[in-house]
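Student: below is the structure, and that's it, no one-letter string:
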């Protein structure tokens, strides 16, 4: 299935969870936040939240700014 | 702690809040942060770079500086609210510097979207510090909506034009029951001192330090300016006169 992650289309296995997606991306859970289709997915829900085909996923972290 | 800055449930000895944007590298930024004496510093939220993070949070943790996430770049209340919620998740803080920008040329706040976002975030349990226009009416409305401080601009972000309407800042200070933090437009130390002389509780600046030729030295200057302005405000300045008044005895 195709999922849009940070603006880029990615081919992922059906039934992939947010937690598994983060492993694929190579980012750890600390200091990051995930939104799926405009809703925050709390850290406690990463392992249980399944990403569906066509979802828009944003993975953000703190950078220098302001 | 003598004369602390009190925002919501926190106290800070330093009245200088800094940003982290614009520094050429983390080592330069770290030296400037240390020199500034700041205890609260803004960070932005952006898409992760798979090549690796920027390490800014690690620097702040090491220096014992609280991170203040912002919603820089957001154009609508909805965007700002989502960004604030993501920041809370990523950083584990319910404090947010709320920015809702109207356009890229002026980077001025959009007052309608700003007030809307502030209300939503206050209801959601955030400690909201809104970056606002130097509008005394809007400042009151933000305070009434439950914001923990109001942060009027001196002039547009990154311009270094200083405080273009000092009377408006004084009007905001005169009616505010929450801390007023001068945010944006500071160019040099005298601007920061003026903000404090006008009665602001703190100054928030970034570019003036991070893009100075010597950021560490400018951070030192800003620290001293904020302290000098605060002292002058509390010392009670003499009234301004048209004609001279001799300070030596007549004979």
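Tutor: Structure's in. What do you need? Computed from a prediction, not measured in an experiment: that's the story for all the values here.

Student: check whether stretch B:75-89 contacts chain A.
Tutor: Yes - Stretch B:75-89 reaches chain A (C-beta under 8 Å from any C-beta of the partner chain) through B:82, B:85-89. Using the backbone N, CA and C atoms, a C-beta is placed for each residue, glycine as well.

Student: pLDDT of that stretch, averaged?
Tutor: What stretch B:75-89 shows for mean pLDDT is 96.

Student: which positions within that stretch qualify as buried?
Tutor: B:77, B:79-89 (16 or more other C-beta atoms under 10 Å in any protein chain shown).

Student: quick check: the farthest pair among those?
Tutor: Maximum pairwise distance among the buried residues of stretch B:75-89 (C-beta to C-beta): 18.8 Å, between B:77 and B:89.

Student: returning to that earlier point: turn the buried residues of stretch B:75-89 into a markdown table, columns for secondary structure.
Tutor: Listed next are these as a markdown table, based on DSSP: H, G, I helix; E, B strand; the rest coil:
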| residue | secondary structure |
| --- | --- |
| B:77 | helix |
| B:79 | helix |
| B:80 | helix |
| B:81 | helix |
| B:82 | helix |
| B:83 | helix |
| B:84 | helix |
| B:85 | helix |
| B:86 | helix |
| B:87 | helix |
| B:88 | helix |
| B:89 | helix |
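
Student: Serialize the residues you listed to JSON lines and add fields for distance to residue B:111.
Tutor: Formatted as JSON lines, the buried residues of stretch B:75-89 follow (distance: C-beta to C-beta, whole Å):
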{"residue": "B:77", "distance to residue B:111": "11"}
{"residue": "B:79", "distance to residue B:111": "16"}
{"residue": "B:80", "distance to residue B:111": "13"}
{"residue": "B:81", "distance to residue B:111": "16"}
{"residue": "B:82", "distance to residue B:111": "20"}
{"residue": "B:83", "distance to residue B:111": "18"}
{"residue": "B:84", "distance to residue B:111": "18"}
{"residue": "B:85", "distance to residue B:111": "22"}
{"residue": "B:86", "distance to residue B:111": "24"}
{"residue": "B:87", "distance to residue B:111": "22"}
{"residue": "B:88", "distance to residue B:111": "24"}
{"residue": "B:89", "distance to residue B:111": "28"}
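
Student: can you list the residues that contact stretch B:69-80?
Tutor: A:62, A:65-66, B:21, B:42-45, B:83-84, B:87-88, B:90-91, B:93, B:95-102, B:110, B:113-114, B:116-117, B:120-121, B:131 (C-beta atoms under 8 Å, 6 or more residues apart in numbering or on different chains).
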